[in-house]
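> generate coordinates for the sequence data below:
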Amino acid sequence: MTDHPPQPGSPADPPSALPADDTATAVSTTPAEPARRSRKGLVIGGSIAAGLLVLGGAGAAAYAMLGGGGEQPEEALPASTIGYVRIDLDPSAEQKINLLRLADRLPDLSEDLGIEITEDSDLKQVLAEAITTSGECEIDYEADVAPWIGERAALAAVPGDDGEPHPVGVLAVTDEDAARTAIESGLGCGETVDAAQVAFTSGYAIITDGTATAAADVVADAEESSLADDEAFGADMEALGDAGLVSFWADAQSALDWSLESAGELPDDALTEEYLAELDGYTTMAGALRANADGIELEFLTAGDEELLAPYQTSGTSVAAALPETTLVAVAGSTAPDAIDDAWEQFRELYDSMSSTLGGGALMSSTGAGITSPRAGLDTDVDPMADYCRDAAESSLGITGDDLSPEDQMMMDAFMDACTGASTEEEPTTIADDPWGGTDQGGMSQGGMAPPDLDGMVALLADEYDIHLPDDLTTLAGEQVAVAVDSRGLESLDTVQTMADVSVGVRTVGDTDALQDLAGRIDSLLVEAGQDSLATSPADDGFVFATNDAYATELAGDGGLGSTDAYRSVVADDEVSSVLFVDLDQLEGVLRPALESDPTGLAYLEPLRAVGMTSSADDSYMTATLRLSFD
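Okay, the predicted model is just below:
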C-alpha cells in the first residue's frame, strides 16, 4: 500500500461509513474542484462553529428522529451564510424505516426517552414529545404544531448588521398565519418571540435572535442571492450525495477568520506561518448523518488544496485488513513521506514554547512575582497564581480556613509548594547542568517546574542507548503502521497478571532489516531499565513488536480481519489512509462480567456489532466516515 496516514497536527483522521445499501455509500468519485469562497470578513465564531458541528455530528444523534423533501432550507438563506445544519422532518421511507428499526433494536430506548417509538411513528411528533419529556418545553403537538409544520428545518449562522455571525432558524411551514402565532407564543418554551424576529419566504419561516438583524432583512438577502446559488456549496452537496437525516455545511475559511479575529492578540510564536498556511488550505466542509439497513453513518467531506489532501490519498489495502480475526481494537494508518519529520518539528516548537513560558514565569522560582513559601506566608494579593493554587488546595484537600491543625498545615504547605513551585531549598540546578532540568523525586525542579532540555534528552538517548530521534520514529512508522489488541486472554480480566497475558502488538509495513535493528536497540534499553524484552517477528512486508511470542508470530501473518462480517460492516473501502476498528460483539464478552450489575449498559451494548472510522482523499476532498453497525 502506498504511503500516507494521518499526520499529527492535520485534520482529524476520522471516521468511516457504515456498510450501506448502494444508495447511501460514501462518495468515491472525484467531483470537479469546487470554487473557493471568498472570505467575507463576517465569519462564524468559534462557539457557533462548534455548535453547528456538534449538532451535525455527535449531537445529531439527539435529532436523528427527523426527516425531509421539497424545497431545501438553503433556498431560504442568504449566500452570505457561514454555516448551517439541516434536519429532515419527514425523511424518505427508506431512511425512516431504517432509523426506526435500528431504534427498535435498543430495547430500553422508548422507556428511557419516555416516548413510544415504532415503525409507524410520526418522527415530528416523536421529537416534540421528546422535547416535552425533557422538561424544556410544554408542546401540544396535535394542537400547536401539526396544523402548520412542514418537512424540514435548519439552524444557520448568518452575518448580522453588526458584522458578527448570529443564529437563524429556518422552519418549513404549510400555514404562515398559524406558524407565526405558534412561533411568537414561544411554543411552551418560555419567552415569547418578537414579531420582527419572524418572516416568511419560499415556504419557510425565518427566525432570528433579535439582537442584530431583522428576519425580513435575512429574507431580502436570500431573495437576492441564496445559499443554494453558491458555487462552492452546490459542489460540496453534490459530492456529499444522499443528505440523509441530518446534513451540515460550513465555510471553513470564514470560521478560521472569525476564530483568529475573536481570539484577540496572540503571542508572536503562538501560530507559526506553516501552521497558518496549513489552515489556509481548508476551504469548506460538509457532512451527513444517514440511517442504513444495519447501522448509521456520519460522513464528513473537507475541501482543500492539493498539499492538504495529499497525505490522505492512498491506494492498496490497509494493513488493518491483515490483522487476526480475533482483533478487538485496531488503529492503522499509512505514513506520508515527511509526516514524522513534520510532526517532530511541530513537537519541538510546542515544547520550546511551553519551556519558555514555564521557564520565565513565577512557577519557576521561589522569588518570582511575589510568590513566597507558604510557610513564610503566601502573598495571595500579589500573584494570581497563588490565589489559584490556594483555591485548588482547598477544593482538592477539603481544607479551609486560616486556623489549621499541624497535619492540615503540612498538607497545605506540600500542595502549595508543588502548585506554585515555591521552595525553601537551596538554589536550583540549572538545565545546562542537567538535561532533566535538575528534577527531584517529585518531578519538580529544585526551583520549580523546570522542563527538561529536549536536546539534552535526545543526545542522552543517542549516546547512552543508541536511540536516535526522530530517525528511529520514522523507521518505526514505516509506510504503514497498525496497533492491535486481541480479544483472546481478556475473557476473564482476573487472569491477567502481566502484559504478556494480554496480546497487544504493533505491525509496521517497512524495511524489515532496519526494524529488526531498532528492535534490538529497544530491547537493550528495556533490559537496562529492568523490563522484559518485547516479543518480535519479521513479516514479509515489515516487522512486528508484541507482548508475547505467539501473538507476534500470528500478527506477522495474514489474519483475515478484513474478510470478517464485523469489519466489513464498518469499513466499506479498503483503500483508506487510516482505520479505527472496534469489535463491539467481542467487547461485550470482555465487559460482560463487569457489566452484570448494570443491565442497562448491557442492553444497549448487546445489539451493536462494531464501530469503525476511516479517512481517505481524492483530488478535491478529504472524506472521513464514522459507522456504527448493529447485529
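> please make it C-alpha for all contacts and neighbour counts, starting now.
Fine.
> can you pull the buried residues of stretch 542-553?
542-549, 551-553 (16 or more other CA atoms under 10 Å).
> and stretch 210-219, by the same measure?
210, 213-216, 218-219.
> out of those residues, which are inside helices?
215-216, 218-219 (DSSP state H).
> nearest to Asp194, of those?
Lowest distance from Asp194 to these (CA to CA) belongs to Ala215, with 10.3 Å.
> my guess is the closest one contacts Ile207, does it?
Yes - with contact defined as CA atoms under 8 Å, Ala215 and Ile207 form a contacting pair (6.1 Å).
> need the overlap of contacts for the two.
Common contact partners of Ala215 and Ile207 (CA atoms under 8 Å, 6 or more residues apart in numbering): 197-199.
> who wins on neighbours among these?
Val198 (23 neighbours; other CA atoms under 10 Å).
> list the contacts for that residue?
Applying CA under 8 Å, 6+ apart, the residues contacting Val198 are 180, 184, 205-208, 214-216.
> re earlier: need the buried residues of stretch 210-219 in a markdown table (columns: distance to Thr283 and pLDDT).
Listed next are those as a markdown table, based on distance: CA to CA, whole Å; pLDDT from 0 to 100:
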| residue | distance to Thr283 | pLDDT |
| --- | --- | --- |
| Gly210 | 30 | 80 |
| Thr213 | 26 | 82 |
| Ala214 | 29 | 90 |
| Ala215 | 28 | 94 |
| Ala216 | 30 | 94 |
| Val218 | 24 | 94 |
| Val219 | 26 | 95 |
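> which SS class is Ala172?
Following DSSP: H, G, I helix; E, B strand; the rest coil, we place Ala172 in the strand state.
> tell me, how many residues neighbour it?
29.
> beta-bridge partners for it, please?
Beta-bridge partners recorded for Ala172 (DSSP bridges): Tyr204.
> residues in contact with it?
73, 149-153, 203-205.
> let's go with 7 Å and repeat that
Shown in contact with Ala172 (CA atoms under 7 Å, 6 or more residues apart in numbering): 149-153, 203-205.
> okay if I get the shared contacts of Ala215 and Ile207 as a markdown table plus secondary structure, pLDDT and distance to Glu479?
As requested, the shared contacts of Ala215 and Ile207 are exported to a markdown table (DSSP: H, G, I helix; E, B strand; the rest coil; pLDDT from 0 to 100; distance: CA to CA, whole Å):
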| residue | secondary structure | pLDDT | distance to Glu479 |
| --- | --- | --- | --- |
| Gln197 | helix | 94 | 56 |
| Val198 | strand | 95 | 56 |
| Ala199 | strand | 96 | 56 |
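> name the residues that touch the host helix or strand of Ala624?
For Ala624, the host element (DSSP states H and E) is strand 621-630. Here strand 621-630 makes contact (CA under 7 Å, 6+ apart) with 14-18, 294-304, 309, 312, 569-570, 607-617.
> show me where pLDDT drops low in the stretch 251-400 of the chain?
Within the stretch 251-400 of the chain, the segments meeting pLDDT under 70 span 255, 258-280, 354-388, 392-399.
> what about the strands in the stretch 401-550 of the chain?
480-486, 504-509, 535-539, 542-546 (DSSP state E, counting those that start in this stretch).
> turn the ones you listed into CSV, including distance to Gly557 and mean pLDDT.
Below are the strands of the stretch 401-550 of the chain laid out as CSV (distance: least, CA to CA, whole Å; pLDDT from 0 to 100):
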stretch, distance to Gly557, mean pLDDT
strand 480-486, 13, 96
strand 504-509, 10, 96
strand 535-539, 7, 95
strand 542-546, 10, 96
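> can you list the ones you listed in CSV and add distance to Pro159?
Formatted as CSV, those follow (distance: least, CA to CA, whole Å):
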stretch, distance to Pro159
strand 480-486, 44
strand 504-509, 49
strand 535-539, 57
strand 542-546, 54
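> out of those strands, flag the one nearest Asp338.
That would be strand 480-486 among the strands of the stretch 401-550 of the chain, by CA to CA, at 13.1 Å.
> what is that closest one packed up against?
Here strand 480-486 touches strand 327-334, strand 504-509, going by 3 or more CA pairs under 7 Å, 6 or more residues apart in numbering; DSSP states H and E.
> out of those strands, which is the most enclosed?
strand 504-509 (a mean of 26; mean count of other CA atoms under 10 Å).
> can you give the strand pairings for that one, parallel or anti for each?
Using DSSP bridges, the strands paired with strand 504-509 are strand 480-486 (antiparallel), strand 542-546 (antiparallel).
> just to revisit the earlier point, okay, who's weakest in the contacts of Ala172 by pLDDT?
Ranked by pLDDT, the contacts of Ala172 bottom out at Glu151, which has 87.
> please verify my assumption that it contacts Leu89.
Yes - with contact defined as CA atoms under 7 Å, Glu151 and Leu89 form a contacting pair (4.7 Å).
> so the two - more neighbours on which side?
Comparing Glu151 with Leu89 by neighbour count (other CA under 10 Å), the higher total belongs to Leu89, at 27 against 22.
> could you report the neighbour count for Ser134?
12.
> what sits against it?
Ser134 neighbours (CA under 7 Å, 6+ apart): none.
> relative to Ser80, how far out is it?
For Ser134, the distance to Ser80 equals 34 Å [CA to CA, to the nearest Å].
> try Arg180
Taking CA to CA, one finds Arg180 at 25 Å from Ser80.
> comparing those two, which residue is more hemmed in?
Taking other CA under 10 Å, Arg180 and Ser80 do not tie; Ser80 has more neighbours (23 against 19).
> mind listing what's buried in whichever helix or strand Ile131 is part of?
Element membership for Ile131 (DSSP H and E) is helix 123-134. Within helix 123-134, the residues that count as buried by 16+ other CA under 10 Å are 123-132.
> turn the residues you listed into TSV, columns for distance to Val502 and pLDDT.
Shown next, in TSV, are the buried residues of helix 123-134 (distance: CA to CA, whole Å; pLDDT from 0 to 100):
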residue	distance to Val502	pLDDT
Leu123	46	72
Lys124	48	80
Gln125	49	79
Val126	45	75
Leu127	45	77
Ala128	48	79
Glu129	47	76
Ala130	44	75
Ile131	45	77
Thr132	48	76
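> can you get me a residue count around His597?
One thing to correct before we go on: residue 597 is Ser, not His. 10.
> OK, contacts around it?
If you count contacts by CA under 7 Å, 6+ apart, Ser597 has none.
> hmm, Ala222 is touching Pro78, no?
Yes - between Ala222 and Pro78 there is a contact at 3.7 Å, judged by CA under 7 Å.
> pretty sure Gln253 sits against Thr283.
Yes - using CA under 7 Å, Gln253 is in contact with Thr283, at 5.5 Å.
> look up the closest residue to Ile131, ignoring the ones flanking it.
Leaving aside its sequence neighbours, Ile131 sits nearest to Cys137 (CA to CA, 6 or more residues apart in numbering; 6.3 Å).
> give me the number of residues near that neighbour?
17.
> give me the three-state assignment for it.
For Cys137, the assignment made with three-state DSSP gives coil.
> just to check, it is in contact with Glu129?
No - here Cys137 does not reach Glu129: they are 9.5 Å apart, not a contact under CA under 7 Å.
> any idea how far Ala339 lies from Thr508?
In terms of CA to CA, Ala339 sits 15 Å off from Thr508.
> all helices for the stretch 151-300 of the chain, in order.
For the stretch 151-300 of the chain, applying DSSP state H, counting those that start in this stretch gives helices covering 176-185, 215-224, 231-240, 252-262, 273-280.
> what would these look like in a markdown table with distance to Leu328?
Below are the helices of the stretch 151-300 of the chain laid out as a markdown table (distance: least, CA to CA, whole Å):
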| stretch | distance to Leu328 |
| --- | --- |
| helix 176-185 | 50 |
| helix 215-224 | 51 |
| helix 231-240 | 31 |
| helix 252-262 | 36 |
| helix 273-280 | 35 |
